[in-house]
Every structure is written in structure tokens, then in C-alpha cells.
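K.L.:
Quick one: sequence plus predicted model below, questions after.
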Amino acid sequence: MKNFQLERRQYIIGGLAMVVVLGYILRLAFLQLIPNDYEEIAWNNALYRKVIYPIRGVIYDRNGRLLVFNQPAYDVMVIMREVSNLDTLDLCNTLHISRQTFEERIKTIQNKDKNPGYSAYSQQLFMPQISESDFQVFQEKMFRFRGFYIRERTTRQYEYGYAAHILGDVAEVSAADIEKDDYYRAGDFIGKQGVERSYEEVLRGQKGVEILLRDSRGMIQGKYKDGAEDQRPHPGSDITLSIDIKLQALGERLMQGKRGSIVAIEPTTGEVLCMVSAPSYSPQDLQGKQRGTKIMQMLSDPSRPMLNRAVSGTYPPGSTFKTSQALTFMQEGIVDPDHTFYPCNGGFHYKNQKVGCHAHPSPLSLKPAIATSCNGYFCWGLVNMFGNRSKYSSVQDAMTRWKDYMVSMGFGYKLGIDLPGEARGMIPNADYYDKHLGRWNALTVKSISIGQGEVTLTPLQIANLGATIANRGYYITPHVVKSIKGGAIADSLTYKHHTMVSSRYYNEVVAGMRMAVTEGTCKGAQNPWYEVCGKTGTAQNRGHDHSVFMGFAPRNNPQIAVSVYVENGGYGATFGVPIGALIMEQYIRGELSPASQAQAAAIAHRVVN
Amino acid sequence: MQSDSTNKGIFLSLDWITIGLYLILIVWGWFSVCGACYDYDSPDLLSFDLKSGKQFVWILTSIGLACALLLIEKRFYYNASTPLYIMMMLILLITIFVAPDTKGSRSWIPIGPLKLQPAEFAKFTVALAIGKYMDRFGFNMSTLREFLKLTTFIFVPMLLIIGQKETGTALVYLSFFLVLYREGMTGSVLFAALAFVAFFIIGVKYANEPMGYMPTSAGEFWVLLLSLVCTIILVWRYCKEPAAVRNLVCFAGGTYLAAILFSAYVIPFNVCIVQIIVNVGAIIYLFVLYVYSHSYKYLLITIFAMLATGFFYGEDLIFHRVLRDHQRDRIEVLLGMNSDISGKGYNVHQAKIAIGSGGFAGKGFLKGTQTKLKYVPEQDTDFIFCTVGEEEGFIGSAGVLLVYLVFILRLIVLAERQPDTWGRVYGYSVMSIFLFHLAINVGMVLGIAPVIGIPLPFFSYGGSSLWGFTILLFIFLRMDAERNFKMRS
């Protein structure tokens, strides 16, 4: 029985099959031929990129003493997706945390704002750096805590409790760090301060990666392409600081109970021999779990122990600044070192203006003016320079010239030291006074010549001034890293900067500074072994004056230039001179004489509030 | 059938094209199983510890089974149709009670080291039985009584298999309705079925979405509108009464339009109220036509219109009361209402990633990661097509589909050349079952059909299904080889 009407239905049914198959092929084309992310998603599913952390470079002092090294630490990691049947109480007890801490931590991990790299599929940092004993117990129980893992890392350990500001610290990256540099993932460590930060890329090395195949339950099923695309980590490079840790230790001891800074530079190389910022702290304090609380505590401390005063603090340089003025006036022909005499009868007097000075013979020439730190001499010098209309068309013109000299000596701008947070200090220019004073002349601004007024320098810039005088006219950018293993320090750190003053005028200032030690304000720095040149400063301040010293030794072939700045320390001779002298002695002689040791102990016990 | 026909004659008249396609599919399937179950630790694909090794044995035994089936004469099946059917129904019934609970299903019977699923073997008995039933002289499907009797053959195994908690396998029996369509069932049944599927999808998906700015549910609006449109199409197609169509279009359509415009531009109100009134009016009108014309077609259309209009309101009940949670989840995932890719939608999402990541040429044999690392669940059984998509890319997966298309079209050709209704019905049954499996399984993997756990024939790992499909096919191939002999004179 044939029914042709019904026989036609075979085509409808065949057509239906075709529509289904062709429809599915279209869908396949849509899924497979149009560019999409599926392949990447599939790889992200399957590939587990196990990061292998390189060993961070260690840090030595200039004499090869180990300062900073690595020690294993254990982080607890969690993959949220894998966590199941967790005995929360057991985990909390094992790690010695409260249930509340546990819940807060999990909440923070899952918060995409606080943890931008969050994924339920990848390891997230649950708890950093658990103790060795906690680690032992945790490892035994780990099979019970599904989704929890141990990541072995290293932490920084410090051989000495000194140089915290120079060494800096290493800690977990912040969200901002991750955003700035793709290299970092949440939970990575990064140098936060000091050379750990400025030499981060040198010290950290390069992370390696092992690419593994991971199944849907998180089990590792083997190596991807037998490890062909794995990258071995490159260990970080070791660095050697120019710091002499023994000198640093002495400096920190001397500055106990005081605020301020000591900076010592090797003039011929620009290498920083010690850099003390007081108050300080032990670098070890910022490692491990207590880091957060310790930082909070220090940030709320009004004496600001976290601040590296040596490079970030800006102070009036006081009388140490007079050396730069002497150099400028001589080079500009305003004063003749031997034939120009200025009167100073208890200070600078002109019309109804007065700048006080102490008792000393008057009138006097340049060298005695430096030796006795005569205010009158330098005020007259500046007044004569800024008022010299045959040489400069206006006071602004003279001021600009003056500013150029200052800048050439490394003032007013960052010196470019290889530490973070350097301040530039303040050297006013003509525009500044035009704006702030309106009408002004040499008399209005004369106090800049004695390192007061608007002028501020960092202790580093003061030490650098000493190094420039020691070098008779040039300085090398100060730096704290002497060498990098398998590399070189930046060219900018070995660059020789010449000032605008010729070296013969420097010899005049050197003579003046020598005279200050032999018969002037720096007598306390006199010693039988070598010739010290120095200059005190007593920087006026709203409270007690700051005690300042700048000097170098020996006079010929100087080995060390130093600046000492003790906030509210009073006269320069009170703290600045003896501390500077002890630093120079320790460095040049390698030890302190018994008398000096006694003096050091006495200074270390003195507290300045 | 003449007894002097030799096996040699059978050998010559066998359809080697279909056998060739069968071999291509099972070999291709084996390689896919290899890709899906590959273990990085034991790369020996023939190892009996792996599913690929086991499947290899299933394939060899299937070929043996196929050869054996080719030796059994057509007459045997003709005579054995009814006893085989009854026996199989009894086995299905017993299975419910004796089968151990395997992941919530009671369909697997352990026989020694093997586990067999009787439901996979029941299909061919149903096909044989309905073929024989329809082959009676004077059988006329257009009578309701015969049609209902016929559907009983289909619904009995369906209910038994649902009793085994294998809903997916039970749904396969719906494919017999395609056979019935070929044999004369009115197309309006398929039309109505499709219409209700469409109502269901639209109703579920858009029930809670408003129509523009009107206080009207979009799902309700469209379902009511489509009910009316489908009713009018049925009247136009089956009743050949232009006046009735014109009246319905003008009055009902006009009122709809007026209500929408009024609601959209004058005073917003719930348009559905007007729609219900209009639809009820149309139902009354059709019933009046039935009373006057005495044409039962009007009565059926009236019933359709009543069901369709009431559907949206009953659907809510079905969706939230009758369906179980996981079934409701699957439908919500399919309709894109639930995009939780780590929970309910995980399977389908990972399957899409597997296929999408294959690209044009695929990742290469044994190089897929989604399936091998078990990101795709059931990657060697129900989701085996993912392996094809991932490792062989568009070329491979489109290739599989095209081979299947040729296979299915070839089965239609073979079915049409059968000398009797019995053979033709059996042929169409075989074709329909393969088509249903292909459409649902691949559709599910591609995310355009609901997740119903049925295998892709010849590809999915599993002895029962491979044997079941082999039996289904090779009984037909032997029948076809004897096509020159008619069973009923």
C-alpha cells in the first residue's frame, strides 16, 4: 500500500535532520571560529603556574660584613574553591588565631577591592610567616584542611640592629604596588624603604615559573610540555654598601636620646660611610607578623622614628653655610681673602638693622671670619654683593647669580642619592622674594648668608658641602651602594660635579676651617694624629638652637667628610663638634682612643629633648 | 520469505554504505573515548584499566554481535515481535525492583563483572512491535482509538523507565512520534507539541518581565498572543474555511491591537485581561462552528485553544510544583535565567569552554585539557562531544555531525525502500532514535538543548548503549538485505 501523500513526509523528516545538523554546525562555527576567550579560559583552567621565588640578594657593608640575609618562612595559602568540610576550630587552634580573625581574613581575601588579584581558583595568602613550630604542626595536619597549602618563602634577617633607614625593609606588596608593576602578585614581597626599595629590582631577581597541569579537583597531573616552558628563577644580586657598619654603630650610639643626623662621606668617591638618623629602630622590628603594629606605633610617635632625617629632613644649615658664601664672594670678586676686612662690633650694624655676633677682634678678614664664625663678615659680604650695581644690573640679577652658585654646590635640588625619599631643601631665588616680599634688597635677605632665613639643607647636603670643600671644588653624587655583584652601580652615582668656584678659593676656605679647629669654634675637634678642618653651626630655631658641625679630615688627602646635626642641641660646639670628631677618629684610626671612648660614652648618655 | 536464499545472497545485498558509516562512527568514537579518559600516568590506551581499553573490547564484541545478527532471518523478528516486546516490558518492570541504586537510578542490572541497562535494549522491541501492529490490514491511524492503542506501545516502556528514574532515556521514546508522523499521524500533533514547548519556554523565561511600560507580563502576553495565532493557523490549515479565519483575524486581532494601543498611549492597563476575554471569545466561536458543522476538527482546535489559553496559568504550577529542583535548574540554565557558572550551570559552561577552545583545527589527539583534566563532567559518556570539539576542532566536530547526517539520511532511504509497513516503521524507528540522540546530546553539549543524560550513539563510553544501538541497526540491515521479500502477502 503506497500512500504518496505520506511518502512526501520523508523529505520533511530528512529536512528536519538537515536543519538540526546544519543548525548545530552553525552553533559550532559560532563557538569555534569566531575569536573568543575560550582557549585562554581552558588554559587557565588546566595550567597551574607555580611560581618559584628567587633568593633575594644579601647585603654586605663596605668591609664585607654580612648585614642582611635570608631565612625560611612559611606562609599559609588557601584556594577558596577547594575548601570543604573545614574544621575551622581545629585550623584556628593550629594557627593560634581566633575564629573571628579567621572569618575576617577570609572576608578580606574575597574582597576584590582589598585583594584585586582574587580568584577562587588560585592560591591566596591566608596568613603570612607562621612560626617554625606552628609550621611543623600545621604540616602534619594539612591533609585535614582541604584547600590550604604552605608556601615556603624567605624573610630578611639582620645581623646588626643598625642602619634601619639605609637598609629599609621587605614586606608584602600593596595594592598600589601591584597596579604599578605587573611583575607583582598579591602576597609577593617587595622592598618598602631604604636600599631594599631603591635596589628592589637588583635584589629581588626574577621569579621563575613551573607550569603544571591541574585537574578539576586541583590535583597536579604532570608537567606541561614536560617542563619545556618552565622558567628558572634568577636569584637576586648581592649588594655591598659603602656603609661601614662599625662607624654606623658608633654614630647611632652617639645619637641615642637625641634627634638629628650624622652623615659621613668619602670625598673622593661620594660613598656614604655612615648615615645616622635619630631616633631610629632595629630593622628586625619590621619583619614578621608584628610589622603592622610596629609601623602604626612608630607613625604615631611625634619624634618620627620612621623618617630618615639624613635625606628627608630639611634644616637651616646655620653657620656651616658660611663656607659656601665665602667661596661665592671670592669667585665673584666681592671679597679678597687677604685684603678685604669687614667690621663686626658685636654683630652687623647698618642703619637700624642688626645681626648679633659674639665677641672677637674686628675688623677681620676671611679666614678669621670663618674660624670665629663671624656673622657680620658674611652679612656685609652679601650686602656688598647684592648691592653691587656695577656688576649686577639689579638685586634680582645678583640673587640669580648667587643661586646659581648654590645650585652648583648641590643645594636646592636633590643630590640624587640612591635612597628613596630624598628632599631637595630650599634655596630661595629672586622670583621667590619678588612674590613673597614684594620690594626687597640685600638687607632684607641678608640672613641667608649665615644659613638662616629661607635657606634649608638636608644633612646629606651639608655633608656633601664638606666633601666638596675637601675635594677643593667638586663632589661625586653621594651613594650608599658601593658595588653590585655581577653588575655596576648607576653612572649617575659616579659622576663628578664641579662647582662654579675654582679650587684656589677652596684652599682659602680650607685654611679658614683649619683655623676654626686650631683656634676658633671647633677646638674640640683638635687631635694629635691628623689635621681636622671644621665649621660649626648654631642654627637658630623657635625652640632651642640646633647644634651643627661640618668638617673633614685629614686636611690633605681627606678620607672623610662629615656633617652632624643635633636638633635643639644648642651650640655647634656642644654636640656637633665632639660627635663629628669621634666619627672621624673612628673612621681614620679604626678605633677610638681611651679618652675618646670615655667621651663617646658621655655623649651617648646625654639626652636632648 | 524463501528458504533457499543463502547467506551469500544476503552478503551481496547488504547495504555496505551504512555498514561503512557505522564503522567510521565507532572507530571515531573510540578515539574520542581515548581522548576523554587518557591518564597522564598510564598512557597505554589499550590497558584494560582505562575506559579506552574496555571500550575497545565493547567495540570488538559489538562487531561480533553485528555479524551474528546478520545471520538471523527477518521472519524470526516478525514472528517474535510481540513476545519480545512483552518479555522486554517484564524485564523493565522487574528491573525497577531488582536493580541496585546507582546514583539514584535503578536501571542497571549487574551480570557478573558487567552491568547492563535493559532500557537500552528495549528500543528495538518497541520498534518491532509498533511496526507489526501497524502492518495489520486495514490499520488506520486517523481513528482516535487506533492512535491511542498505538501510543500505548510507546508510553508503557516510557513509564517503566521513568520508574527506573531514567527520565532522559524515557524521553527517547518520544522519537517514535516522528515514525507515527511518517505513517500518517496528523502533523497537527507535532505542531501542537512544538507550540506547547514554545509556550513553555517563553512563559517560563519572560513571566516576570514587563511589556514596555505597561503593567503586563511579557511572558503572559506572548503566550496568549501565540495561542491565538496558532489557533488561527490550525483553522486555516485544517478547516479550509476562509470566513472563519477572516472573522478571527479581524475581530480578535483588531481587539488585541486596540487594547495594546490604548494601554501604550492612553491609560496603561493589563492587556492580558483583554487577551483572555478575546481568546475565550474565540474558543466559544470555534465551539459554535463545531456545533453547526459537526466537524470534529473544530472540536480538536477548540480543545487546543482552551489548553493553549490556559497553558500559561498551568505552567507555573508545572514548573514550580511538578518538576524537581534539579530539573528546574537545568531548564533555567538552558534559558539563560541562571548563569551561575560554578554551580548549576557549571557543566554546560565548561563544555562550551572545551568546544570553544578547540578552535578551527583542534588541539590535537590526546592534547585536550578541559576533558582530560576532568573539567567537563561526564566527559567520556554524555559529554563526549566535548572531546571531539576540543581535540579535533571545528573540522572534527562538524565532520562527525556531517557523517551522522549522511548516516541518518541513508537510513531514511533504506526505510523508504522496505517492501512492507513493518520494515519501514522499523527503519524509521531506528533513524528517529539516532536523530533524537544526536539532536538532544549534541544540543545539550552546545548549550541549546536541556541537559538530558542520554548518550551520543557510538561515541559515548558504555557497553550497553553500544550493544543496544548495534542491535537496533543490524536487525534493520538484515531486514534491508531481504528487502525483495515482503512479509505480508
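P.N.:
The structure has been received and is ready for your questions.
K.L.:
my read: residue B:34 touches residue B:52, true?
P.N.:
Yes. The criterion here is C-beta atoms under 8 Å, and residue B:34 meets it with residue B:52 at 4.3 Å. (C-beta placed from N, C-alpha, C; glycine too.)
K.L.:
got any residues that touch both of these two?
P.N.:
Common contacts of residue B:34 and residue B:52, defined by C-beta atoms under 8 Å, 6 or more residues apart in numbering or on different chains, comprise residue B:45.
K.L.:
Can you name the residue of chain B nearest chain A?
P.N.:
residue B:356 (2.8 Å; C-beta to the nearest C-beta).
K.L.:
Skipping adjacent residues, who's closest to that residue in space?
P.N.:
Closest residue in space to residue B:356, ignoring its immediate chain neighbours: residue A:38 at 2.8 Å, by C-beta to C-beta, 6 or more residues apart in numbering or on different chains.
K.L.:
Same check on residue A:286?
P.N.:
Closest to residue A:286 by C-beta to C-beta, 6+ apart is residue A:169, at 4.2 Å.
K.L.:
number of nearby residues for the residue in chain A that chain B sits nearest to?
P.N.:
Taking C-beta to the nearest C-beta, chain B has its nearest neighbour within chain A at residue A:38, 2.8 Å off. Residue neighbour count, defined by other C-beta atoms under 10 Å in any protein chain shown, stands at 20 for residue A:38.
K.L.:
quick one, phi psi at it?
P.N.:
Dihedral pair for residue A:38: phi -60, psi -40, per degrees, to the nearest 10.
K.L.:
Where do the strands of the stretch 451-600 of chain A begin and end?
P.N.:
Using DSSP state E, counting those that start in this stretch, the strands of the stretch 451-600 of chain A run over residues A:474-476, A:481-484, A:496-498, A:533-539, A:546-553, A:560-566.
K.L.:
Show me what the first one packs onto, helices and strands only.
P.N.:
With contacts taken as 3 or more C-beta pairs under 8 Å, 6 or more residues apart in numbering or on different chains; DSSP states H and E, strand A:474-476 sits against helix A:459-470, strand A:496-498.
K.L.:
same check, this time on the fifth one
P.N.:
The elements that strand A:546-553 packs onto, with contact taken as 3+ C-beta pairs under 8 Å, 6+ apart, are helix A:459-470, strand A:533-539, strand A:560-566, helix A:576-589.
K.L.:
What helices and strands are in contact with the third one?
P.N.:
Judged by 3+ C-beta pairs under 8 Å, 6+ apart, the packing partners of strand A:560-566 are strand A:260-266, helix A:459-470, strand A:546-553, helix A:576-589.
K.L.:
Spell out which strands sit alongside that strand in the sheet and which way each one runs.
P.N.:
Using DSSP bridges, the strands paired with strand A:560-566 in its sheet are strand A:260-266 (antiparallel), strand A:546-553 (antiparallel).
K.L.:
Include mean pLDDT when you put those into TSV, please.
P.N.:
Below are the strands paired with strand A:560-566 laid out as TSV (pLDDT from 0 to 100):
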stretch	mean pLDDT
strand A:260-266	96
strand A:546-553	94
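K.L.:
Okay, now the unreliable bits of chain A?
P.N.:
A:1-3, A:116-117, A:217-218 (pLDDT under 70).
K.L.:
mind giving me the domain split of it?
P.N.:
Chain A breaks down by automatic domain parsing into domains covering A:72-153, A:245-293+A:304-605.
K.L.:
Export those domains to TSV and append columns for mean neighbour count.
P.N.:
Output for the domains of chain A, formatted as TSV (neighbours: other C-beta atoms under 10 Å in any protein chain shown):
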stretch	mean neighbour count
domain A:72-153	15
domain A:245-293+A:304-605	21
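K.L.:
To residue A:59, which of those lies closest?
P.N.:
Taking C-beta to C-beta, domain A:245-293+A:304-605 is the member of the domains of chain A nearest to residue A:59, at 9.0 Å.
K.L.:
center of chain B - which residue?
P.N.:
Nearest residue to the geometric centre of chain B (C-alpha atoms, centre = their mean): residue B:436, 3.6 Å.
K.L.:
ok so it is a strand residue?
P.N.:
No. Counting by DSSP: H, G, I helix; E, B strand; the rest coil, residue B:436 is not part of a strand but helix.
K.L.:
Quick check: nearest residue in space to it, chain neighbours excluded?
P.N.:
residue B:175 (3.7 Å).
K.L.:
Now do the one you found, the pLDDT please.
P.N.:
For residue B:175, the pLDDT comes out at 92.
K.L.:
I figured it hits residue B:440, correct?
P.N.:
No. With contacts counted by C-beta under 8 Å, residue B:175 stays clear of residue B:440, the gap being 9.3 Å.
K.L.:
biggest helix in the chain, by residue count?
P.N.:
Unless you meant another one, I'm taking chain A. The helix spanning the most residues in chain A, taking DSSP state H as the definition, is helix A:9-32.
K.L.:
hm, I was asking about chain B
P.N.:
Max-length helix for chain B by DSSP H is helix B:384-416.
K.L.:
Does that one reach chain A?
P.N.:
Yes. Using C-beta under 8 Å from any C-beta of the partner chain, helix B:384-416 reaches chain A at B:389-390, B:393-394, B:397-398, B:401-402, B:404-405, B:408-409, B:412, B:415-416.
K.L.:
coming back round to it: taking helix B:384-416 as reference, get the angle to the helix or strand harbouring the residue of chain B closest to chain A.
P.N.:
Under the criterion of DSSP states H and E, residue B:356 resides in helix B:346-358. Per axes from the mean of the first three to the mean of the last three C-alpha atoms, to 10 degrees, the angle that helix B:346-358 makes with helix B:384-416 is 90 degrees.
K.L.:
From the contact counts, what lies against helix B:346-358?
P.N.:
Under the contact rule (3+ C-beta pairs under 8 Å, 6+ apart), helix B:346-358 is packed against helix A:9-32, helix A:38-46, helix B:384-416, helix B:421-445.
K.L.:
Could you look over those and pick the most buried one?
P.N.:
Of the helices and strands packed on helix B:346-358, the one with the most neighbours on average (mean count of other C-beta atoms under 10 Å in any protein chain shown) is helix B:421-445, at a mean of 25.
K.L.:
Convert the C-alpha atoms of the helix or strand following it to PDB, please.
P.N.:
Counting by DSSP H and E, the element after helix B:421-445 in chain order, helix or strand, is helix B:463-481. What follows is helix B:463-481 as a C-alpha-only set of coordinates in PDB (Å, rounded to 0.1, in the frame of the first residue of the first chain):
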ATOM      1  CA  GLY B 463      28.800  -1.300  26.500                       C
ATOM      2  CA  SER B 464      25.000  -1.300  26.900                       C
ATOM      3  CA  SER B 465      24.400   1.600  24.700                       C
ATOM      4  CA  LEU B 466      26.900   0.400  22.100                       C
ATOM      5  CA  TRP B 467      25.300  -3.000  22.000                       C
ATOM      6  CA  GLY B 468      21.800  -1.500  22.100                       C
ATOM      7  CA  PHE B 469      22.500   0.700  19.100                       C
ATOM      8  CA  THR B 470      24.300  -2.100  17.200                       C
ATOM      9  CA  ILE B 471      21.300  -4.500  17.700                       C
ATOM     10  CA  LEU B 472      18.900  -1.700  16.700                       C
ATOM     11  CA  LEU B 473      20.900  -1.100  13.500                       C
ATOM     12  CA  PHE B 474      21.900  -4.500  12.400                       C
ATOM     13  CA  ILE B 475      18.400  -6.000  12.700                       C
ATOM     14  CA  PHE B 476      17.400  -3.300  10.300                       C
ATOM     15  CA  LEU B 477      20.300  -4.000   8.000                       C
ATOM     16  CA  ARG B 478      19.400  -7.700   7.800                       C
ATOM     17  CA  MET B 479      15.800  -6.700   7.100                       C
ATOM     18  CA  ASP B 480      17.000  -4.400   4.400                       C
ATOM     19  CA  ALA B 481      19.100  -7.200   2.900                       C
END
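K.L.:
Is any residue of helix B:463-481 near chain A?
P.N.:
No. Using C-beta under 8 Å from any C-beta, helix B:463-481 stays clear of chain A, coming no nearer than 15.5 Å.
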